[in-house]
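Engineer: no sequence for this one, just the structure:
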């Protein structure tokens, strides 16, 4: 494991922190430093966490580089791309070793995270190969569309997840804006509209205004999985903002604001700090430790395009809680809990970086 090209940059930031001159940008660079320590240059991935989390870590780092006007991350992105676009997956008890090519595996949501990461890379670098990869992945994702509507979560076709559909919704709108035309019989825009229409008709939004986890099939019947997670609230926000921008139809932006407000109301503690209520403080599985950052990332986009005072206050409140309480003013890495110390890993740190990116965007 070696230091990345960001090392000198974050080292200088650390000097500033030691002098007590930290800004939001300086604080975010502390998180970049932790992620840099976990980055494995042999694989292009990050130690302590898994495949789909790596796409989110890359996304958070690209967003931070854009927001801080740091152009030095482009070489690292290319290195990660070259090492992960064809990746050998180790054998398990149930499956032999295999090679994952172009980020296509058995989970449509895994694919969605990587496609969005490469779209971010394309926007940051202007390199066509990243946009091409996002299109390759999206084409495979659309093969998961059911005859009765909705995208499956996994290629076993047993569950239509809100996350797989929400990712594809946002991905489709962004590809439409990037110039993608027809994909597997529909335009990118039509895919986005069809996905959101299915999500609404399936009554995935509960009486509190929050997005539930998805539709499960059992004994030939469909039933809603009622679990509410922060990332399901967030991942559709960018897609809905884009649908409003593309079509001019106001109900899309209203839906985005409704979901964001319901999350702030129902998924926070008394100090308005975001909480993964189904598992915090000590029962969150590795996957769910990534979720809150996804919400903050897409809330950032919503607030940039359709700002509200409550979003600004919420973003500042959470970034301050992470720095002062979860990080003890920069003395430790943050875990899944944002207003108290908890066990960190690359997923929790990148999730916190999403919150700091949102604060930087203000």
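Structural biologist: Now that the structure is in, tell me what you want to look at. Predicted, not measured: the structure shown is a model, and the values here were computed from it.
Engineer: Please make it C-alpha for all contacts and neighbour counts, starting now.
Structural biologist: Will do.
Engineer: The spatially most central residue of the chain: helix or strand, and which one exactly?
Structural biologist: By Cα atoms, centre = their mean, the chain has its centre lying nearest to residue 294, at 3.9 Å. Here residue 294, judged by DSSP states H and E, is contained in helix 291-305.
Engineer: Now the element after that helix, going C-ward?
Structural biologist: helix 309-321.
Engineer: can you pull out the strands in the stretch 1-150 of the chain?
Structural biologist: All strands of the stretch 1-150 of the chain, identified by DSSP state E, counting those that start in this stretch, fall at 86-89, 98-101.
Engineer: so the residue nearest to the centre of the chain sits right up against residue 236, yeah?
Structural biologist: No: under the criterion of Cα atoms under 8 Å, residue 294 is not in contact with residue 236, lying 10.2 Å apart.
Engineer: where do the contact lists of these two overlap?
Structural biologist: When Cα atoms under 8 Å, 6 or more residues apart in numbering defines a contact, no residue borders residue 294 and residue 236 alike.
Engineer: circling back to that earlier point, skipping its backbone neighbours, what lies nearest the residue nearest to the centre of the chain in space?
Structural biologist: Counting by Cα to Cα, 6 or more residues apart in numbering, residue 294 lies nearest to residue 231, which is 5.3 Å off, once chain neighbours are set aside.
Engineer: Are we agreed that that neighbour is in a helix?
Structural biologist: Yes: Residue 231 sits within a helix when classified using DSSP: H, G, I helix; E, B strand; the rest coil.
Engineer: So it versus residue 276, what's the distance?
Structural biologist: 9 Å (Cα to Cα, to the nearest Å).
Engineer: can you give me the strands in the stretch 151-300 of the chain?
Structural biologist: With strands called from DSSP E, counting those that start in this stretch, the stretch 151-300 of the chain shows them at 159-161, 182-183, 186-187, 214-218, 221-225.
Engineer: pLDDT on the fourth one, on average?
Structural biologist: Rounded to a whole number, the mean pLDDT of strand 214-218 is 91.
Engineer: Show me what counts as buried in it.
Structural biologist: Going by neighbour count (16 or more other Cα atoms under 10 Å), the buried part of strand 214-218 is 214, 215, 216.
Engineer: So what touches that strand?
Structural biologist: Contacts with strand 214-218, where a contact means Cα under 8 Å, 6+ apart, come from 158, 159, 160, 161, 162, 163, 204, 222, 223, 224, 225, 226.
Engineer: cutoff 10 Å now
Structural biologist: Residues from elsewhere that reach strand 214-218, judged by Cα atoms under 10 Å, 6 or more residues apart in numbering: 150, 152-153, 157-165, 199, 202-205, 221-228, 232.
Engineer: Distance from the chain centre to that strand, please.
Structural biologist: Between the centre of strand 214-218 and the centre of its chain there are 23 Å (Cα atoms, centre = their mean, to the nearest Å).
Engineer: likewise stretch 155-164?
Structural biologist: Distance of stretch 155-164 from the chain centroid (Cα atoms, centre = their mean) equals 18 Å.
Engineer: Show the average pLDDT along that stretch.
Structural biologist: 93.
Engineer: Residue 352 contacts residue 296, doesn't it?
Structural biologist: Yes: applying Cα atoms under 10 Å, one finds residue 352 in contact with residue 296, separated by 8.9 Å.
Engineer: Between those two, which contacts overlap?
Structural biologist: Shared contacts of residue 352 and residue 296 (Cα under 10 Å, 6+ apart): 318, 358.
Engineer: Point out where this protein drops to low pLDDT.
Structural biologist: Residues of the chain that meet the criterion pLDDT under 70 lie in 1-21.
Engineer: can you give me the helices for it?
Structural biologist: Using DSSP state H, the helices of the chain run over 7-18, 24-38, 51-67, 74-84, 108-125, 128-141, 162-178, 188-201, 230-234, 237-247, 250-266, 291-305, 309-321, 346-361.
Engineer: Overlap in contacts, residue 231 and residue 276.
Structural biologist: With Cα under 10 Å, 6+ apart, residue 231 and residue 276 have common neighbours 288, 291, 292.
Engineer: just the buried members of those?
Structural biologist: By 16+ other Cα under 10 Å, the shared contacts of residue 231 and residue 276 give 288, 291, 292 as buried.
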